[in-house]
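Colleague: Need a 3D model of the following:
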Amino acid sequence: MISGSWKEKRPILHIPLSPMEIALEIIAALGMVFSFFIIIQVWPILPDTIPTHFGASGKVDGWGGKESLFILPVINIFLLYIPITFLSRYPHIFNYLWPITEQNAQAQYYNARLMLGWIKAEIVGLSAIISWRTIQTALGKTEGLGSMFLFLILLVLFGTMGISMCKSYQAR
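Modeller: Numbering: from 1, shown residues only. Below is the predicted model:
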């Protein structure tokens, strides 16, 4: 069901990026570059078969060709980085927990954009860590992601969303 947000007449504001948003964009872009860089750097020494999947415990439970290392960074570019970067330009079309008014629009839009920036940077960073740990596991230098990795991912992402929801509540 489509919420009433599409039927509301929301203000369309052009809010410049804050220094924090610019920093998050740089961090996310560098994370993408780092993901490809580390793969290219170690490509010649990687075995033909590498870990391709890790279970909830952080242990390897799937193996495949080393070409699979490129899947995560490519997915990040086309299903995360580009769409979120594009979407963040139109905060007036997002779903919000509270009605958007002329008085709270700027604060709500900024908060929503900032949350997307944080999530984008976090997912790119966590994906770079996964790529790094996959490479380290393939080279026999470590065993998987570690038992706390899934907990870390959930804590970081839900923590960011929780903080953003609190700020959205305050700006209502």
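Colleague: Select the longest helix from this structure.
Modeller: Across the chain, the longest stretch assigned as helix under DSSP state H is helix 105-138.
Colleague: Tell me, how many residues neighbour L154?
Modeller: 10 (other Cβ atoms under 10 Å). No exception for glycine: its C-beta is placed from N, CA and C like everyone else's.
Colleague: Am I right that it is in a strand?
Modeller: No - L154: not assigned to a strand; according to DSSP: H, G, I helix; E, B strand; the rest coil it is helix.
Colleague: and it, what pLDDT?
Modeller: We have a pLDDT of 95 for L154.
Colleague: So I50: helix, strand or coil?
Modeller: Assigned state for I50: strand (three-state reduction, three-state DSSP).
Colleague: now the strands for the chain?
Modeller: 49-54, 60-65 (DSSP state E).
Colleague: Tell me which of those is the most buried.
Modeller: Comparing the strands of the chain by mean neighbour count (mean count of other Cβ atoms under 10 Å), strand 49-54 comes out on top with a mean of 17.
Colleague: Tell me the helices and strands packed up against that one.
Modeller: strand 60-65, helix 105-138 (3 or more Cβ pairs under 8 Å, 6 or more residues apart in numbering; DSSP states H and E).
Colleague: Partner strands of that strand and their direction?
Modeller: strand 60-65 (antiparallel) (DSSP bridges).
Colleague: List the contacts of the strand it pairs with.
Modeller: D48, T49, I50, P51, T52, H53, F54, G55, T137, E143, G144 (Cβ atoms under 8 Å, 6 or more residues apart in numbering).
Colleague: right, and F70 touches I38 too?
Modeller: No - if you go by Cβ atoms under 8 Å, F70 and I38 don't touch, sitting 11.5 Å apart.
Colleague: Who has more neighbours out of these two?
Modeller: Comparing F70 with I38 by other Cβ under 10 Å, the one with more neighbours is I38, at 18 against 15.
Colleague: which sections of the chain are below the confidence cut-off?
Modeller: Residues of the chain meeting the criterion pLDDT under 70: 1-8.
Colleague: still on that earlier bit, tabulate the strands of the chain in JSON lines, adding columns for distance to I27.
Modeller: Output for the strands of the chain, formatted as JSON lines (distance: least, Cβ to Cβ, whole Å):
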{"stretch": "strand 49-54", "distance to I27": "24"}
{"stretch": "strand 60-65", "distance to I27": "28"}
